[in-house]
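>>> Okay, structure incoming, though there's no sequence with it:
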């Protein structure tokens, strides 16, 4: 019987290791697997490469990983936001490496990894510092930069519902990078608000098929009254 659900966050991230590359879903606060990230902090793995849209704010999420000195490198589109104090401190001190990737390029490169592509040509970044040292090509009169796929050892994402096979649905904007990261990670770990009985999720609303999911943990949604 296939059952990808695990009972605890600790068990969900048990096989993380030092030096791992980890994709983390989310755009702003939407779709951030906050509880899974907390579990990574508690796990203790360090020297991590974090691939995400931003570098976290305040003391939660990716910012908590940086604060705990678990991160060696950040691959992001918007690393410095209001409240990104720990990223800024570590980066200015030379303790954190940054690879800045335009948001569209990041999505394209992650998708390329999940699709098994060798590389992609994109016009974004041509003629800028981001294209320095990279192959360029003119195609049909337009200039492009060669970009390589972004792979990861783990993908941590948040979805709305799952079944025990790992078929996922998302809630509105929380979907963002989740589907493509699920395809690009060697091992995809998902936190969901509920795990429904097999066969009760309409196949027409499944966005990420269970074949791309390795582990699911249920973290019930906290209402404002209960928080």
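Noted; the coordinates are in hand. Since the model is a prediction, treat every value here as computed from it, not as a measurement.

>>> end-to-end on stretch 166-178?
Terminal residues of stretch 166-178 lie 13 Å apart, using Cα to Cα, to the nearest Å.

>>> Tell me the spatial nearest neighbour of residue 67, not counting adjacent residues.
residue 86 (4.6 Å; Cβ to Cβ, 6 or more residues apart in numbering). For glycine as for every other residue, the C-beta is placed from the backbone atoms N, C-alpha and C.

>>> And the one you found, its phi and psi?
Per-residue torsions, residue 86: phi -70, psi -40 (degrees, to the nearest 10).

>>> And the contacts of stretch 206-219?
By Cβ atoms under 8 Å, 6 or more residues apart in numbering, the surrounding residues in contact with stretch 206-219 are 2, 4-9, 11-12, 35-36, 114, 159, 162-170, 175, 178-179, 182-183, 187-195.

>>> Now do the SS call for residue 18.
Secondary structure for residue 18, judged by DSSP: H, G, I helix; E, B strand; the rest coil, is coil.

>>> Also the one 5 residues further on?
Put simply, residue 23 is strand when judged by three-state DSSP.

>>> Spell out the residue ranges of the helices in the chain.
For the chain, the helices defined by DSSP state H occupy 9-12, 34-43, 62-67, 85-92, 103-115, 178-184.

>>> Packing partners of the last one?
Contact here means 3 or more Cβ pairs under 8 Å, 6 or more residues apart in numbering; DSSP states H and E; on that basis helix 178-184 packs against strand 21-24, helix 103-115, strand 152-158, strand 185-192.

>>> The ones you listed into JSON lines, with extra columns for distance to residue 122 and mean neighbour count?
Formatted as JSON lines, those follow (distance: least, Cβ to Cβ, whole Å; neighbours: other Cβ atoms under 10 Å):
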{"stretch": "strand 21-24", "distance to residue 122": "19", "mean neighbour count": "26"}
{"stretch": "helix 103-115", "distance to residue 122": "6", "mean neighbour count": "19"}
{"stretch": "strand 152-158", "distance to residue 122": "20", "mean neighbour count": "26"}
{"stretch": "strand 185-192", "distance to residue 122": "22", "mean neighbour count": "23"}
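
>>> Residue 33 touches residue 157, doesn't it?
Yes - the pair residue 33 and residue 157 qualifies as a contact (Cβ atoms under 8 Å) at a distance of 5.9 Å.

>>> Overlap in contacts, these two.
Common neighbours of residue 33 and residue 157 (Cβ under 8 Å, 6+ apart) are 24, 25, 190, 191.

>>> Quick check: of those residues, which lies closest to residue 121?
residue 25 (25.8 Å; Cβ to Cβ).

>>> burial of that closest one, as a residue count?
For residue 25, the count of nearby residues is 28 (other Cβ atoms under 10 Å).

>>> so what's residue 59 scoring on pLDDT?
pLDDT for residue 59: 85.

>>> With residue 66 as the reference, measure out to it.
10 Å (Cβ to Cβ, to the nearest Å).

>>> between the two, who's got more neighbours?
Neighbour tally, residue 59 and residue 66, criterion other Cβ under 10 Å: the higher count belongs to residue 66, 25 against 11.

>>> now the end-to-end length of stretch 175-195.
Using Cα to Cα, the two ends of stretch 175-195 sit 17 Å apart.

>>> pLDDT of it, averaged?
97.
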